[in-house]
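K.L.:
Predicted model follows, preceded by the sequence.
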Amino acid sequence: MKKHLATLVIIPLFLSCSTDNSYLEIPASIQTSGNEITSTLVTNLHEFGIMTPLKITKHGDLLAVERRYEENNLSLIDLSNHTTRDWLPFGEGENEAYTIDNLSVNEQGELSVFDFETGKLHRHNPKALSRSAAHPLVLAEGTNTHLSAIQGDGFVISTGLYEQGRYRFYSLDDGSESYAVPYPVHPAYPELSDYGKSILWASTVLRLRPDNKAFVCTDIRSGQLDICRINGNTISLVCRHTYYYPHVDINDGKHPLVAYYSDNVTGFREVAVSNERIYVLYSGKTYKEYGQKIINSSTLLVFDWNGTLLNNYTLPEAANYLAFDTEENQLYGTTPDAKLVQFNL
């Protein structure tokens, strides 16, 4: 059981550091540009009893919203008639979850979420004739701990505490697995063990391109971003950006400990994708100055799938989470005061 794993391996250090390290400097290309875009209000989630929305995904009239400290992990909202129903009760039963990650929806309208504490990948199609959820897929345990996962057509890609490589490819057809792509090397810790690297880069956001041919992975605690191609059962790195590294103190060894300074600059906290673009929310805030408000992001970065930074937008108000609706070809987000907005790009 992996419950509360994150608090065991990542402990904030409420200190500041005076050492001048260039790898901690934030490049101007990702800082707030002043290139403003507008947004359009879609709905106020307070109307559905949602005061603090977490991760979201959208497919046409369906809006799925993660909720915390509720009997159910998700609210499924029909925006056409303003009705709502619950999915995925909190718990350890077969169709229950503790902590969900990587909420997504495919082009067929099937929802998918991963519970890293139980290793279950839950799926559900709200438009199917049967309202019961599919049996969850349990990722093979072995000796590895899985932290984040996304499901494609016939495969699952995950990150975790892996020494074999940063990404794991698991085939749903034959049960085979493989690992690919080395971890980034932190300049201050060039000799860090592979297991230590897996802890350092554990706070990831994974998003699968709708056509299932590529994915993006960002680091929440720094300016690190990977774009990878999927060819058959093989993962290859297309582009790696490390705009800046996390400010950390690491004690390597049999049980590595990675501790973040409170002046560490929070990075790419949220991502949404289309077949053409990658949309990234950049925080640029420190816990020392903003506390829990580090999740409020005013900068939207737009990349193509080759890793070229195309645009740096300033949002009209901060956003916390993103969703790209492939049915409408529109980008949506939630604000700190629980509004769902459409960004006019």
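P.N.:
Cool, got the structure. Numbering: from 1, shown residues only.
K.L.:
The stretch 51-200 of the chain: helices as residue ranges?
P.N.:
Using DSSP state H, counting those that start in this stretch, the helices of the stretch 51-200 of the chain run over residues 194-200.
K.L.:
backbone phi and psi for E289, please?
P.N.:
Dihedral pair for E289: phi -90, psi -30, per degrees, to the nearest 10.
K.L.:
gap between it and S203?
P.N.:
From E289 over to S203 the distance is 19 Å, taken as CB to CB, to the nearest Å. (Each C-beta comes from the backbone N, C-alpha and C, glycine too.)
K.L.:
Looking at these two, which one has more neighbours?
P.N.:
Higher neighbour count among E289 and S203: S203, with 22 against 11, using other CB atoms under 10 Å.
K.L.:
May I ask you to confirm that that one is in contact with Q224?
P.N.:
No. Taking contacts as CB atoms under 8 Å, S203 lies outside contact range of Q224: 10.1 Å.
K.L.:
quick one: low-confidence parts of this protein?
P.N.:
Filtered on pLDDT under 70, the chain yields the residue ranges 1-20, 128-134, 140-143.
K.L.:
elements contacting the longest strand that it contains?
P.N.:
Secondary structure of the chain per DSSP state E: the longest strand is strand 309-319. Packing partners of strand 309-319 (3 or more CB pairs under 8 Å, 6 or more residues apart in numbering; DSSP states H and E): strand 38-44, strand 297-304, strand 330-334, strand 339-344.
K.L.:
so which of the ones you listed comes closest to V156?
P.N.:
Between V156 and these, the tightest spacing by CB to CB is seen for strand 297-304, at 24.0 Å.
K.L.:
tell me which residues in that closest one are buried?
P.N.:
By neighbour count on 16 or more other CB atoms under 10 Å, the buried set for strand 297-304 is S297, S298, T299, L300, L301, V302, F303.
K.L.:
Leaving out the residues flanking it, which one is nearest to the fourth one?
P.N.:
Setting aside the residues directly before and after it, L300 is nearest to Y313 in space (CB to CB, 6 or more residues apart in numbering), at 4.3 Å.
K.L.:
Now do the same contact list for that neighbour.
P.N.:
By CB atoms under 8 Å, 6 or more residues apart in numbering, Y313 lies in contact with S33, N35, E36, I37, T299, L300, L301, V302, L345.
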